[in-house]
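*Asks:* sequence and predicted model, in that order:
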2 protein chains.
Amino acid sequence: MQGFYKKFTTLLDNFFWLLYNVRMEKTVSAIGYIENDFTEKFGIPRQSGKADGVISRIHFYPPYQTEDAFKAIDGFSHLWLLFDFSAAKTTEFHATVRPPRLGGNTRVGVFASRSPFRPNGIGLSVVKLLKVEKTEQGISLLVGGADLLSGTPILDVKPYLPHADCIIGAVGGYADGVANKRLSVEFLDGAKEKIPAEKLAGLIDCLAEDPRPSYQDEPERIYGMAFGAQNVKFRVVGDTLTVVAVE
Amino acid sequence: MQGFYKKFTTLLDNFFWLLYNVRMEKTVSAIGYIENDFTEKFGIPRQSGKADGVISRIHFYPPYQTEDAFKAIDGFSHLWLLFDFSAAKTTEFHATVRPPRLGGNTRVGVFASRSPFRPNGIGLSVVKLLKVEKTEQGISLLVGGADLLSGTPILDVKPYLPHADCIIGAVGGYADGVANKRLSVEFLDGAKEKIPAEKLAGLIDCLAEDPRPSYQDEPERIYGMAFGAQNVKFRVVGDTLTVVAVE
């Protein structure tokens, strides 16, 4: 009788183990990709909306590029992008991450962060909708403030619904308060003129967000940030970032 | 020479066609699932946050259930859930949808809507974080206001960052203005007492949101909404919803 009982509970255990491990799985694929001046990770603002002046274009693959799929989208001021963290591939699961804004030394849980190194590697960013453009390849969207690397695959575009998505009085944990320090940006003679006029505001926004790793404070160091086809060289002393050259 | 040119341009064409059609694709899998009283689609509020009183529990699969993965999450008042629209399977792409709140007759583009019937079928909802609970199976989260069907697979949990995610002054297109009509909810004798006390506020929130399809106005009709193990029967006359029975 005891043998039977043992068999029965083992069976039951295995049954629940199986049930527990049947997890939903599916394939997702890009509906398009983004194109902008962020050709490298260094210098991309750490959240969307910090550099509204940076303009990105979202291209869509067939059949998503059709005009119908974007009907009434121009009534929305902002959009959500779901995207693949294509530049942050990781095979292992790491339960904690070190947010750059906490100095890079403090660990928080991955689900308490927006880190790209996360299960399923899906990113979420809100962008400003600037223009719905009809091109020969169909619709493309011009958006401001995206914090995505150029070429990032887009998984979805959703309208930003103010009455549901904007939570007045929400509390942002460790991320509150650390987000508002901005640098003042100066240019050495001749550097400013090398930046195309329509890109200047966006670049200044990015620089003001302080691209350096938080734990670095080396006034002598010259950093280089790729921006479009250019390389922007700068150094930071105190609260002032000075662009020393644009190549 | 012309033959060579033709061959060359054809080659180029094919090359770009291939390049254009190499689309990122990957497998995502559930990190957990949600459990609540929404056992059917009918009656679930059409956006998150409309029924904060409805409490859901998010269970996590190994290895995500570890305490480390949620370190510092209790500092956030709200969380984003990315989830699989598991109850809205569709194989074909439909460029337009008919949002229920527009009466179900007006078509808008799928990317101008939060419809579950969309490419990649990933949902996005913000919920209130009520409690981080340690159970024998690891961490589970109690959240308020989720508009997800019970059993929905969760793909990601991210903190809501007020300074990036709450856009003051954002414009919500056709969704503005149609979201605030709420019904007053009444109960016939004896019906209210059948609802467990801790679930009453959540149920009333759901009912106030008017579960009926927008294009229906049949004062005589009795609707039934599954809520947990119960069936809530009601009718709507004008701006008043009356619960006539709870079974």
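*Replies:* Noted; the coordinates are in hand.

*Asks:* helices or strands next to the host helix or strand of A:Phe234 in the packing?
*Replies:* Here A:Phe234 sits within strand A:230-237, counting by DSSP states H and E. With contacts taken as 3 or more Cβ pairs under 8 Å, 6 or more residues apart in numbering or on different chains; DSSP states H and E, strand A:230-237 sits against helix A:197-208, strand A:223-227, strand A:240-246. Backbone N, C-alpha and C define where each C-beta goes, glycine included.

*Asks:* and that strand, what's buried?
*Replies:* By neighbour count on 16 or more other Cβ atoms under 10 Å in any protein chain shown, the buried set for strand A:230-237 is A:Gln230, A:Val232, A:Lys233, A:Phe234, A:Arg235, A:Val236.

*Asks:* with stretch A:65-82 instead?
*Replies:* Buried residues in stretch A:65-82, defined by neighbour count with 16+ other Cβ under 10 Å: A:65-66, A:69-73, A:75-82.

*Asks:* one more: stretch A:187-204?
*Replies:* A:Phe187, A:Ala191, A:Lys192, A:Ile195, A:Lys199, A:Gly202, A:Leu203, A:Ile204.

*Asks:* just the residues you listed now: which is nearest chain B?
*Replies:* Chain B lies nearest to A:Gly202 out of these, by Cβ to the nearest Cβ, at 17.1 Å.

*Asks:* the buried residues of stretch A:65-82 also near chain B: which ones?
*Replies:* By Cβ under 8 Å from any Cβ of the partner chain, the members of the buried residues of stretch A:65-82 lying near chain B are A:Thr66, A:Ala69, A:Phe70, A:Lys71, A:Ala72, A:Ile73, A:Gly75, A:Phe76, A:Ser77, A:His78, A:Trp80, A:Leu82.

*Asks:* switch the helices and strands packed on strand A:230-237 over to CSV; also include distance to chain B and mean pLDDT.
*Replies:* Formatted as CSV, the helices and strands packed on strand A:230-237 follow (distance: least, Cβ to the nearest Cβ, whole Å; pLDDT from 0 to 100):
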stretch, distance to chain B, mean pLDDT
helix A:197-208, 14, 91
strand A:223-227, 21, 93
strand A:240-246, 21, 92
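
*Asks:* quick check, A:Asp74 in a helix?
*Replies:* Yes. Counting by DSSP: H, G, I helix; E, B strand; the rest coil, A:Asp74 is part of a helix.

*Asks:* quick revisit: show me which pair in the buried residues of stretch A:187-204 is furthest apart.
*Replies:* Spanning the widest gap among the buried residues of stretch A:187-204 are A:Ala191 and A:Gly202, at 15.8 Å by Cβ to Cβ.

*Asks:* now the top strand by length along chain A: buried residues?
*Replies:* If each strand of chain A is counted by residues according to DSSP state E, the longest one is strand A:122-135. For strand A:122-135, burial by neighbour count (16+ other Cβ under 10 Å) applies to A:Ile122, A:Gly123, A:Leu124, A:Ser125, A:Val126, A:Val127, A:Lys128, A:Leu129, A:Leu130, A:Val132.

*Asks:* show me which of the residues you listed neighbour chain B.
*Replies:* Okay, of the buried residues of strand A:122-135 touching chain B (Cβ under 8 Å from any Cβ), that's A:Ile122, A:Leu124, A:Val126.

*Asks:* surely A:Val244 and A:Val236 touch.
*Replies:* No. Taking contacts as Cβ atoms under 8 Å, A:Val244 lies outside contact range of A:Val236: 10.9 Å.

*Asks:* in chain A, which helix or strand is least confident?
*Replies:* Lowest on mean pLDDT, DSSP states H and E among the helices and strands of chain A sits helix A:2-21, with a mean of 65.

*Asks:* quick one: pLDDT of the closest residue to A:Pro196 other than its chain neighbours?
*Replies:* Once flanking residues are discounted, A:Pro196 sits nearest to A:Gly228: 7.9 Å by Cβ to Cβ, 6 or more residues apart in numbering or on different chains. Looking at A:Gly228, its pLDDT stands at 91.

*Asks:* now A:Gly228: how far from A:Ala191?
*Replies:* According to Cβ to Cβ, to the nearest Å, A:Gly228 and A:Ala191 sit 15 Å apart.

*Asks:* do the same with A:Arg114
*Replies:* 32 Å.

*Asks:* okay if I get the buried residues of strand A:122-135 as JSON lines plus distance to B:Ile34 and pLDDT?
*Replies:* Formatted as JSON lines, the buried residues of strand A:122-135 follow (distance: Cβ to Cβ, whole Å; pLDDT from 0 to 100):
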{"residue": "A:Ile122", "distance to B:Ile34": "17", "pLDDT": "97"}
{"residue": "A:Gly123", "distance to B:Ile34": "22", "pLDDT": "96"}
{"residue": "A:Leu124", "distance to B:Ile34": "18", "pLDDT": "97"}
{"residue": "A:Ser125", "distance to B:Ile34": "24", "pLDDT": "96"}
{"residue": "A:Val126", "distance to B:Ile34": "23", "pLDDT": "96"}
{"residue": "A:Val127", "distance to B:Ile34": "28", "pLDDT": "96"}
{"residue": "A:Lys128", "distance to B:Ile34": "31", "pLDDT": "96"}
{"residue": "A:Leu129", "distance to B:Ile34": "30", "pLDDT": "97"}
{"residue": "A:Leu130", "distance to B:Ile34": "36", "pLDDT": "96"}
{"residue": "A:Val132", "distance to B:Ile34": "34", "pLDDT": "98"}
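
*Asks:* show me the one of the helices and strands packed on strand A:230-237 that comes nearest B:Arg212.
*Replies:* Taking Cβ to Cβ as the criterion, helix A:197-208 is the member of those that comes nearest to B:Arg212, at 46.5 Å.

*Asks:* packing partners of that closest one?
*Replies:* Counting by 3+ Cβ pairs under 8 Å, 6+ apart, helix A:197-208 packs on strand A:184-187, strand A:223-227, strand A:230-237, strand A:240-246.

*Asks:* mind putting those into TSV with distance to A:Val171?
*Replies:* TSV is the format used below for the helices and strands packed on helix A:197-208 (distance: least, Cβ to Cβ, whole Å):
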stretch	distance to A:Val171
strand A:184-187	29
strand A:223-227	33
strand A:230-237	31
strand A:240-246	31
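
*Asks:* which one, of these, ends up nearest to A:Ile44?
*Replies:* A:Ile44 sits nearest to strand A:223-227 of all these, at 9.2 Å, using Cβ to Cβ.

*Asks:* from the contact counts, what lies against the closest one?
*Replies:* Helices and strands touching strand A:223-227, by 3+ Cβ pairs under 8 Å, 6+ apart, are helix A:197-208, strand A:230-237.

*Asks:* neighbouring contacts of the shortest one?
*Replies:* Contact partners of strand A:230-237, identified using Cβ atoms under 8 Å, 6 or more residues apart in numbering or on different chains, comprise A:43, A:183, A:194-195, A:203, A:207, A:210, A:212, A:217, A:219-226, A:241-247.

*Asks:* please repeat the previous calculation with a cut-off of 10 Å.
*Replies:* Strand A:230-237 is contacted from outside by A:37, A:39-40, A:43, A:183, A:185-188, A:191, A:194-196, A:199, A:203, A:206-207, A:210-212, A:216-226, A:241-247, using Cβ atoms under 10 Å, 6 or more residues apart in numbering or on different chains.
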